[in-house]
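Participant: heads up, no residue letters with this:
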């Protein structure tokens, strides 16, 4: 099998710039309404930050885009989430395929208790790719993209759990990049990390936005200001304000937004 | 006496009471093991292990019973392991949480508490009579498999439950299917815990006597079983048989057989503890 054929395993459609749209979204956990009617369009190849106090629904909203809420007991969705005009909550949608297209990085670094190599190769292995040379190339490439290569190149067989927290998180990002998503969701990716590791991840986000559409949930105002192009402020399950980051941080239209970003509540 | 000294006295009193309670079981057990060792150790040699049963105590050996126990262990494992693990995976990962799964859960826990002789009666009716297996190794293995199934299911579920949710999330988020996540992440991660539960369950099975007597396992079998359909005896039944004989020589034989049976269970438990520790280290 030639290399181009192998790449064919990944849907070529994901290479295109893709627009994420949420139409009249309501989310319920049993009787609790976590999201109360949100309409939103997220721009391709930009970084969008979701900010807001804890429990405002921003993580729930983020997890809608790769259907990670599907496993939560009592979860129910009204409305439509579409990528490139296709509703991803339709019955026919292949959720596994969707998640290859929409990668996710979690709050706490969660590498598999396996070697560094196997962590990055996992997403490819589950697609049935066995070619060693191809896997090797993808792993090295992904580790280079997250600037982890120089730190781990001597021993890719080392258990990933022996890495530092910041390295683990970059490994998790590398693992996500290896399956070539077009959209990356980041759920407070630096909240468990020290300032130096945090700034490394932020630099990385800055570089990745040329190739990927990124949504990042953060509790850190400065971080939202530094890394994002657009910022959305959520409060009690509603989208209060959504605009360019510059506008939100310098001249917010709503009083609530201003109070939050200036630290008067939340 | 002021309050502080009073508290200290109480503290010390409880400490000694605690030590006494802890030692009670251990002391009794060591007295028992000590007397067994004194009685039986001199009798243990290679010929005791490799000899067939005999009417003469000094020529009798445990070979048939030991082989019977090994057969039972192996077959019980083959039957109980896939069924138990599959049931646990279903209950933990696939079953919708609700009334039905609660009911199943409570009943499986209840089954673990059913007296073993009841399983023997069940085995006698279902395997020996209805399925016409006779008093064979196979019937015994099925009976013991049923007996340990609840333990296997409960401990497997605990082991799967202990796998951090973040591992599941990571696997799903990379596009893994449910089965891929189970087979490539959950099972390897919970392997140590599953193994521990299975070995503990089996070490219980190897000591079971009542259900096997009920299904018709024999105290005297001239030859070791050579197929699953053969008649069999097991170590505990052999011990029981020897102890109930009047001659002094058989008592020594029983003590020697007890040493070997204990050795088997200790080794099995040791392996279980070893794997549990290794597994805990990997995830902490």
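Facilitator: Sure thing, it's come through. This one's a predicted model, so the numbers in the text were calculated from it and none came from an experiment. Numbers count the residues shown, from 1 in each chain, chains lettered A, B, ... in the order given.
Participant: Give me every residue in the stretch 1-150 of chain A lying close to chain B.
Facilitator: A:66, A:68, A:71, A:73, A:96-100, A:103-104, A:106, A:108, A:110-113, A:122-123, A:126-127 (C-beta under 8 Å from any C-beta of the partner chain). Any C-beta I mention is one placed from the backbone N, CA and C, and that applies to glycine too.
Participant: Which stretches in the stretch 151-284 of chain B count as helices?
Facilitator: Using DSSP state H, counting those that start in this stretch, the helices found in the stretch 151-284 of chain B span residues B:165-173, B:178-181, B:187-207, B:210-215, B:235-243, B:248-283.
Participant: avg pLDDT for the last one?
Facilitator: Translated: helix B:248-283. Mean per-residue pLDDT for helix B:248-283: 85.
Participant: How about stretch A:61-69?
Facilitator: 94.
Participant: Distance from the chain centre to it, please.
Facilitator: The chain centroid and the centroid of stretch A:61-69 are separated by 10 Å under C-alpha atoms, centre = their mean, to the nearest Å.
Participant: And the contacts of it?
Facilitator: Contact with stretch A:61-69 is made by A:20, A:22, A:25, A:27, A:35, A:38, A:50, A:60, A:75, A:77, A:81, A:83, A:88-89, A:95, A:98-99, A:102-104, A:183, A:185, A:187, A:215, A:217, A:234, B:169, B:172-173, as judged by C-beta atoms under 8 Å, 6 or more residues apart in numbering or on different chains.
Participant: Mind picking out the helix or strand in chain A with the poorest mean pLDDT?
Facilitator: helix A:3-7 (a mean of 40; mean pLDDT, DSSP states H and E).
Participant: Please state the backbone phi and psi of the residue nearest in space to the middle of chain A?
Facilitator: Relative to the mean C-alpha position of chain A, the nearest C-alpha, by C-alpha atoms, centre = their mean, is the one of residue A:185, at 1.2 Å. With angles defined as degrees, to the nearest 10, residue A:185 sits at phi -100, psi 130.
Participant: who's it bridged to?
Facilitator: Counting by DSSP bridges, residue A:185 is bridged to residue A:104, residue A:215.
Participant: re earlier: are any of the residues of the stretch 1-150 of chain A next to chain B buried, and which?
Facilitator: By neighbour count, with 16 or more other C-beta atoms under 10 Å in any protein chain shown, the residues of the stretch 1-150 of chain A next to chain B hold A:66, A:68, A:96, A:98-100, A:103-104, A:106, A:108, A:110-113, A:122-123, A:126-127 as buried.
Participant: Give the next helix or strand downstream of the least confident helix or strand of chain A.
Facilitator: strand A:20-29 (DSSP states H and E).
Participant: Can you give the strand pairings for that following strand, parallel or anti for each?
Facilitator: strand A:32-42 (antiparallel), strand A:75-83 (antiparallel).
Participant: In the stretch 101-250 of chain A, mark out all the helices, start to finish.
Facilitator: Using DSSP H, counting those that start in this stretch, helices in the stretch 101-250 of chain A cover A:116-125, A:132-145, A:149-152, A:165-178, A:195-208, A:221-227, A:245-250.
Participant: Quick one: distance of the first one to the chain centre.
Facilitator: Once both centres are worked out by C-alpha atoms, centre = their mean, helix A:116-125 turns out to sit 18 Å from its chain's centre.
Participant: Fine by me, thanks again.
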